[in-house]
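In: Return a 3D structure for these sequence lines:
(one chain, ligands or ions: 1)
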Amino acid sequence: MSDIDTKPQAVERTKTKRPPLYKVILLNDDYTPREFVVVVLKAVFRMTEEQSYRVMMTAHQLGACVVATYTRDIAESKTSEANDMGRSAGHPLEFSTEPEE
Ligand code: TYC
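Out: Residues are numbered from 1 along each chain as shown. Below is the predicted model:
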């Protein structure tokens with residue numbers, strides 16, 4: 001028998017870490033028409049009429065609502081796209097992005 005140690009000396013692992021996620025939050029205001037908020041949610045976040053209406057009403061009643069979570073780039077670009085739609089139409093509609101806990 002030879003003295004050579006043939007046991008594997010280390011287990012090699014490839015760890016694929018999930019990227020941190022960011023929430024997109026819809027904030028309530030007193031002026032943007034409800035229907036417009038629904039239009040933006042459907043267009044930018046690909047939600048159905050029912051999902052959009054529910055998210056809009058939650059923000060309307062509670063002050064804010066998490067729309068969805070994405071990787072940072074996507075959360076930020078959807079937030080600007082949605083804010084641009086509000087601004088272009090002359091509404092104070094506001095979305096913001098924050099890291100998920
Ligand atoms: N509060 C608005 C109104 O009564 C509607 C609205 C809902 C605006 C949700 C923003 O995130 C919002 N016209």
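In: So the residue nearest to the spatial centre of the chain, which state does it fall into?
Out: In the chain, the residue lying closest to the centroid (Cα atoms, centre = their mean) is Thr69, at 3.1 Å. Per DSSP: H, G, I helix; E, B strand; the rest coil, the local secondary structure of Thr69 is strand.
In: for the ligand, what are the nearby residues on the chain?
Out: Neighbours of the ligand within the chain, by Cβ under 6 Å from any ligand atom: 26-30, 32-34, 37, 56, 59-60, 93. C-betas here are computed from N, CA, C, even on glycine.
In: Which strand residues bridge Phe95?
Out: Per DSSP bridges, the residues bridged to Phe95 are Leu26.
In: okay but it is in contact with Ala82, surely?
Out: Yes: counting by Cβ atoms under 8 Å, Ala82 is a contact partner of Phe95 at 4.5 Å.
In: Now the common contact residues for these two.
Out: Residues touching both Phe95 and Ala82 by Cβ atoms under 8 Å, 6 or more residues apart in numbering: Val24.
In: buried set for the helix or strand where Gln61 lies?
Out: Here Gln61, judged by DSSP states H and E, is contained in helix 49-62. Under the neighbour-count criterion of 16 or more other Cβ atoms under 10 Å, helix 49-62 has 51-53, 55-56, 58-60 buried.
In: do the same with stretch 28-37
Out: Neighbour-count burial for stretch 28-37 flags 28, 32, 36-37 (criterion: 16+ other Cβ under 10 Å).
In: got JSON lines for the residues you listed, with pLDDT too?
Out: Shown next, in JSON lines, are the buried residues of stretch 28-37 (pLDDT from 0 to 100):
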{"residue": "Asn28", "pLDDT": "98"}
{"residue": "Thr32", "pLDDT": "98"}
{"residue": "Phe36", "pLDDT": "98"}
{"residue": "Val37", "pLDDT": "98"}
